[in-house]
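Colleague: No letters, just coordinates:
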């Protein structure tokens with residue numbers, strides 16, 4: 001469905017950057033995210049938003065430009081439900097199929113952090129942003145949607 005009024009109430013727990021409303025600036029990635037709905041016989045809809053950069057920059061933000069130890073630590077904490085950070089928004093790479101095996105090996109203590117980072121270093125991150133607070137959500141405006 002089109003999400004013209006995003007909120008935090010229906011967000012899932014134990015995701016890459018914790019509970020939040022997730023966005024991506026990459027259209028192809030948004031289309032790929034819709035495939036899981038289409039595979040179950042439902043409509044895939046991409047919603048578009050405009051970000052108020054000025055208001056957004058005043059929030060408490062965390063940005064990852066590459067997979068790193070800090071990224072791995074946050075993803076692990078968020079997926080375990082032990083994250084206690086208070087960021088309004090977090091952006092960075094997705095723990096998608098390309099990196100999931102490495103992340104899982106690390107989570108299961110089958111490889112150490114340095115080995116995980118060494119493996120992830122060669123992956124180009126897809127980009128996601130989790131808006132984790134009402135203040136962050138107030139910085140976006142619905143700009144339409146399209147059915148795929």
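Modeller: It's in. Owing to the predicted nature of the structure, the values given are computational and were not obtained by experimental measurement. Residues are numbered from 1 along each chain as shown.
Colleague: Check the contact between residue 126 and residue 94; I expect there is one.
Modeller: Yes: with contact defined as C-beta atoms under 8 Å, residue 126 counts as touching residue 94 (4.3 Å). In this view, the C-beta of every residue, glycine as well, is placed from N, C-alpha and C.
Colleague: More neighbours: the two, which one.
Modeller: Using other C-beta atoms under 10 Å, the more surrounded residue of residue 126 and residue 94 is residue 94, with 21 against 18.
Colleague: follow-up on the earlier one: so what sits against both of residue 126 and residue 94?
Modeller: Applying C-beta atoms under 8 Å, 6 or more residues apart in numbering, one finds that residue 126 and residue 94 are jointly contacted by residue 29.
Colleague: show me what contacts the most centrally placed residue in the chain?
Modeller: Nearest to the mean C-alpha position of the chain, by C-alpha atoms, centre = their mean, lies residue 128 at 3.9 Å. Contact partners of residue 128, counting by C-beta under 8 Å, 6+ apart, are 16, 17, 22, 23, 24, 29, 91, 92, 93, 94.
Colleague: how close does it get to residue 112?
Modeller: 25 Å (C-beta to C-beta, to the nearest Å).
Colleague: swap in residue 35?
Modeller: Residue 35 is 34 Å from residue 112, where distance means C-beta to C-beta.
Colleague: Can I have the buried ones of the contacts of residue 128 as a ChimeraX selection?
Modeller: Remark: buried members of the contacts of residue 128, expressed as a ChimeraX selection using 16 or more other C-beta atoms under 10 Å:
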select :16,17,22,23,24,91,92,93,94
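Colleague: What strand or helix carries the residue nearest to the centre of the chain?
Modeller: strand 127-131 (DSSP states H and E).
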